[in-house]
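Undergrad: Build me a model:
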Amino acid sequence: MPNIVLLNNVDHKDLRVITRHGAQFGDRQMWATTFPSEFRDVQACYPIVFRKTTDGLGFEPVALFGFQEEENLFLDGARWDAPYVPLMIERQPFLIGVNGSELMVHIDADSPRVSRDEGEPVFLPLGGNSEFLERASSMLLSIHQGLQGTPALLSALLQHELLESFVLDVELNDGSQNRLVGFYTINEDKLAALGADAVAALHRAGHLHSIYMVLASLSNFRMLIDRKNAAHA
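TA: Residues are numbered from 1 along each chain as shown. Here you go, the predicted structure:
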């Protein structure tokens, strides 16, 4: 279980963060949450799909790394084999907390990335923020602001009934069968059938751009299958 605490330069003055990747740091995961303002970067490397939230009441967009739980086909030992790493992965072990209108940096004190002996220092010797912490804070702010755009996009998709569930059956080179289920994507037929007024409204709100980024990202399934074949070779 995570141990989320408010970051401060007294209790955490000697804290360091290990930034390399690896299964031991929690990087062996199938997907990570993303958001509309990140879609352009994400779609260059990963399929963007939608999943139901854990409460079952809504949806969230995610970058897909594999076809089954705890499978990350981009994880190569201590290296993340892609030119862009989604911010929800990069920000670990930091989180942002909100107290009224104030945003505060928190940390998972029990994260395997947290160390006293190795990694990037969080604070300077006299207590100031390190460059590493400043970058992390900027990243958290981008995530916080980016997530604010998700509800409006999802509302528009649901209003126009543009989300549909899909099943992807994959036969690997070795003959093994794999099936991806439980995710949703854009219904292209319904998108193409939208009237001019609906399309114009989606464009004005910036949602049309996000929709096309999602559709463009689906070509990455071919690359994901290639990675799966390589892992099985």
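Undergrad: what helix or strand is residue 185 on?
TA: Using DSSP states H and E, residue 185 sits within strand 177-186.
Undergrad: Same question for that strand: list its buried residues.
TA: 178, 180, 183, 184, 185, 186 (16 or more other Cβ atoms under 10 Å). Quick note: C-beta positions are derived from backbone N, CA and C, even for glycine.
Undergrad: what's the farthest-apart pair in these?
TA: Checked with Cβ to Cβ, those reach their widest spread between 178 and 186, with 22.6 Å between them.
Undergrad: Thought residue 96 was touching residue 105, still the case?
TA: Yes. The criterion here is Cβ atoms under 8 Å, and residue 105 meets it with residue 96 at 6.5 Å.
Undergrad: looking just at contacts, which helices and strands does the helix or strand of the chain with the lowest mean pLDDT meet?
TA: Lowest by mean pLDDT, DSSP states H and E among the helices and strands of the chain is strand 94-99, with a mean of 89. Applying 3 or more Cβ pairs under 8 Å, 6 or more residues apart in numbering; DSSP states H and E, one finds that strand 94-99 makes contact with strand 102-108, helix 131-147.
Undergrad: follow-up on the earlier one: closest one of the buried residues of strand 177-186 to residue 111?
TA: Proximity of the buried residues of strand 177-186 to residue 111 (Cβ to Cβ) peaks at residue 183, which lies at 27.4 Å.
Undergrad: List the contacts of residue 120.
TA: Going by Cβ atoms under 8 Å, 6 or more residues apart in numbering, residue 120 touches 16, 17, 19, 130, 132.
Undergrad: Okay, and the beta partners of residue 32?
TA: Here residue 32 sits in beta bridges with residue 63, going by DSSP bridges.
Undergrad: what about it, neighbour count?
TA: By the criterion of other Cβ atoms under 10 Å, residue 32 has 20 neighbours.
Undergrad: And for residue 103?
TA: 14.
Undergrad: same question, residue 108
TA: 18.
Undergrad: Okay, and the beta partners of it?
TA: Assigned bridge partners for residue 108, using DSSP bridges, are residue 4.
Undergrad: Touching, it and residue 1? I think so.
TA: No. If you go by Cβ under 8 Å, residue 108 and residue 1 don't touch, sitting 9.6 Å apart.
Undergrad: element containing residue 223?
TA: If you go by DSSP H and E, residue 223 is part of helix 220-232.
Undergrad: Show residues contacting that helix.
TA: 43, 45-47, 64, 66-67, 73-74, 168, 170, 172-174, 176, 178.
Undergrad: mind listing what's buried in it?
TA: Residues of helix 220-232 classed as buried under the neighbour-count rule (16+ other Cβ under 10 Å) are 220, 221, 224, 225, 227, 228.
Undergrad: can you check stretch 200-218 too?
TA: 201, 202, 207, 208, 210, 211, 213, 214, 217, 218.
Undergrad: Would you mind measuring the gap between the ends of it?
TA: End-to-end distance for stretch 200-218, by Cα to Cα, to the nearest Å: 24 Å.
Undergrad: who's in contact with that stretch?
TA: Under the criterion Cβ under 8 Å, 6+ apart, residues 36, 39-40, 42-43, 46-49, 61, 149, 152-153, 156-157, 160, 162, 185-186, 188, 191, 194, 199 lie in contact with stretch 200-218.
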